[in-house]
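>>> no FASTA, just this:
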């Protein structure tokens with residue numbers, strides 16, 4: 001049953017939030033593993049799963065409580081969310097893969113590129129937006 005004023009079909013319940021976090025984590029994990037395999041070579045997928053938690057949580061938290069709540073203006077919101085997600089991604093990649101800053105930066109850029117291309121392709125297939 002929809003609450004009055006709630007545009008979401010799920011009502012934003014706990015299950016909806018958990019599924020959103022898991023799908024975002026999976027998406028970031030897959031794209032990070034693809035980027036790491038392309039950049040580093042043969043690497044275990046567990047490292048990507050471990051590192052993908054940080055950007056997934058940061059991006060979802062900032063979108064929900066940063067942009068939607070008005071803490072960050074809508075004009076700057078996308079840039080702030082993208083920048084802080086990339087910073088969280090870089091820190092998580094550096095710690096998980098034990099890379100220097102010089103090696104982490106290209107992997108973060110590749111991860112962004114893989115995520116953008118895969119996100120664009122999935123959006124064209126399933127019409128999410």
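That came through fine. Model, not experiment: these values are computed from the prediction.
>>> Go ahead and flag the most central residue of the protein.
Among the residues of the chain, residue 56 comes closest to the average C-alpha position under Cα atoms, centre = their mean, at 3.9 Å.
>>> Pull the contacting residues for that one.
21, 24-25, 27-28 (Cβ atoms under 8 Å, 6 or more residues apart in numbering). Glycine gets a C-beta too; all of them are placed from N, C-alpha and C.
>>> Tell me which helix or strand comes right after the helix or strand of the chain with the lowest mean pLDDT.
Using mean pLDDT, DSSP states H and E, helix 74-97 stands out as the lowest-scoring helix or strand of the chain, at a mean of 90. Elements were assigned by DSSP states H and E; along the chain past helix 74-97, the next helix or strand is helix 101-126.
>>> Give me the buried positions along that following helix.
The neighbour-count check on helix 101-126 (16 or more other Cβ atoms under 10 Å) flags 104, 107-108, 110-112, 114-115 as buried.
>>> export those to a markdown table and tack on pLDDT?
Listed next are the buried residues of helix 101-126 as a markdown table, based on pLDDT from 0 to 100:
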| residue | pLDDT |
| --- | --- |
| 104 | 95 |
| 107 | 96 |
| 108 | 96 |
| 110 | 96 |
| 111 | 96 |
| 112 | 95 |
| 114 | 96 |
| 115 | 95 |
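>>> Any chance of the residues you listed in CSV with distance to residue 79 as columns?
Formatted as CSV, those follow (distance: Cβ to Cβ, whole Å):
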residue, distance to residue 79
104, 21
107, 22
108, 16
110, 20
111, 18
112, 14
114, 20
115, 16
